[in-house]
Structures are given as C-alpha cells and as structure tokens.
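Q: predicted model, plus sequence, below.
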Amino acid sequence: QKEVEQNSGPLSVPEGAIASLNCTYSDRGSQSFFWYRQYSGKSPELIMSIYSNGDKEDGRFTAQLNKASQYVSLLIRDSQPSDSATYLCAGYNNDMRFGAGTRLTVKP
Amino acid sequence: GAVVSQHPSRVICKSGTSVKIECRSLDFQATTMFWYRQFPKQSLMLMATSNEGSKATYEQGVEKDKFLINHASLTLSTLTVTSAHPEDSSFYICSAWTGTFNYGYTFGSGTRLTVV
C-alpha cells in the first residue's frame, strides 16, 4: 500500500467550476500535509500546507484535512485554464512522502 | 524566502561523459537536500538524500557509483551523473526541507538532461 494515494486522473472540469482533488494517507504520524502544483516540464511549486484538522483557505484554494479519516483534499474555486497541471499531495513525518499526482485539465 | 537555485536548467551531453548538476539554497541553510528524477508523465522518484558533511543515502535500485552526490556545505549539493547513457536522460530535481511546516520542501527549477 502506498503511503500517500491520489487518483491519477485525468480530472477535467470546465472553466469556472470547482475542481476537487483528493488524497489519502496511511501514516498516522504524519504531521503536516502539502499540495504542490507541477506544470509540464517544470518542478513542483507549493500551493498550500495544512497541519490542523479543518479547512484552510488561500484565495481560490481551500485545503481540507481530516486526520480521523486520513484524508486531505484541495478545492480550486473558479478554475482557470492556467490551473491545468499535475497536483501532488504530500505528507510529512520526518521525511516527505509524495503521492503520484492528479492531472487536472480545465477546459475553456 | 526558502529559495533553491538549480543549475544548469538544460544540458545535452554525449554518451560516456559526466554531467554535474548544482543545487544551492539561497536564503537558508539546508542540512539535507533531496534528489529526484522524473521521467515524462511519471511521478517524482526519490533517488537519494544528501546530508551535509556525510555520505548520501541512496534509494534502492539507484547506483551510487553512477550518481555521485556531494554535499560539502550547508548551501550546496551537487549531483554528478557519471558515464551518462541515453537511458539517463530525464528531468532531475533537487529539493530541501525549509525547516517549517508552512513551507515544507522547496524545489529547484530542475535540470533537463539529454544524453545523445
């Protein structure tokens, strides 16, 4: 069983819609979680981090963490074509474990 | 803050030659850096963990004599691909733990290696 699992997608949403990206993790000792965005041919860049149960909002992005269910999600409101990328979920417990990524396409 | 600079961004080399990739933490000290390889449309694959002043720890299946890692200072780690072959062509990315849960790992911009 992979430590961090993501639906590989591709996930396709129309422009302006809400994109929902999901992630589950197996290590209950994970202290913090991260969402990275990776454009094709580029390195990952941090979008958000979350380490407390509940929601954390930053602009159009909302991260949600449910430690009891070992579940992390990222919501992207008002999706734009420029949001089309691969989104990596990661959990940290002394080292970082990455999911395989979910490819998101936002269609104009 | 927490910027990692990686050079070169692209390199083309002949089969059998060696290539060095540098990764520098610009505004923080990175006692540990990580080296990843990524093939097209595949996920990040951790190759090795680089610790300042000590030997790198390699993941299973990664040849340490082929991928030489040196972490001589708190701000510089290098990856040398020795005797490169076309199958080593890939996207190599370094990263470092920023020391905070807010920022996690920060990544270099990556190096696209093409071996011809």
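A: In hand now; what should we look at?
Q: switch to C-alpha atoms for all contacts and neighbour counts from now on
A: Noted.
Q: is it true that residue B:32 touches residue B:98?
A: No: applying C-alpha atoms under 8 Å, one finds residue B:32 not in contact with residue B:98, separated by 9.5 Å.
Q: more crowded one of these two?
A: For residue B:32 versus residue B:98, the count of surrounding residues by other C-alpha atoms under 10 Å in any protein chain shown is larger for residue B:98: 24 against 20.
Q: pretty sure that one contacts residue A:96?
A: No: taking C-alpha under 8 Å as the definition, residue B:98 is not a contact partner of residue A:96, at 11.8 Å.
Q: now residue 16: phi and psi?
A: All of this refers to chain A. Here is the backbone geometry of residue A:16 (degrees, to the nearest 10): phi 90, psi -10.
Q: nearest spatial neighbour of it, skipping sequence neighbours?
A: Distances taken as C-alpha to C-alpha, 6 or more residues apart in numbering or on different chains place residue A:78 nearest to residue A:16, at 4.0 Å, with adjacent residues excluded.
Q: ditto for residue A:60
A: Per C-alpha to C-alpha, 6+ apart, closest to residue A:60 is residue A:77, 5.1 Å.
Q: now for the one you found, how many residues are close by?
A: 16.
Q: just to revisit the earlier point, distance of the residue nearest to residue A:16 from chain B?
A: 25 Å (C-alpha to the nearest C-alpha, to the nearest Å).
Q: in this structure that residue contacts residue A:60, no?
A: Yes: with contact taken as C-alpha under 8 Å, residue A:78 and residue A:60 are classed as touching, separated by 7.0 Å.
Q: and those two? Which one has more around it.
A: Neighbour totals were compared for residue A:78 and residue A:60, and residue A:78 leads with 14 against 11 (other C-alpha under 10 Å).
Q: which pLDDT value goes with that one?
A: Residue A:78 is assigned a pLDDT of 98 by the prediction.
Q: doesn't it belong to a helix?
A: No: secondary structure assignment places residue A:78 outside any helix; it is coil (DSSP: H, G, I helix; E, B strand; the rest coil).
Q: which residues of chain B lie near chain A?
A: Residues of chain B found near chain A (C-alpha under 8 Å from any C-alpha of the partner chain) are B:42-44, B:93, B:101-110.
Q: same thing but at 10 Å, please
A: B:38-46, B:91-95, B:97, B:100-112 (C-alpha under 10 Å from any C-alpha of the partner chain).
Q: show me which of these are buried.
A: Neighbour counting with 16 or more other C-alpha atoms under 10 Å in any protein chain shown marks B:38, B:43-46, B:91-95, B:97, B:101, B:103-112 as buried within those.
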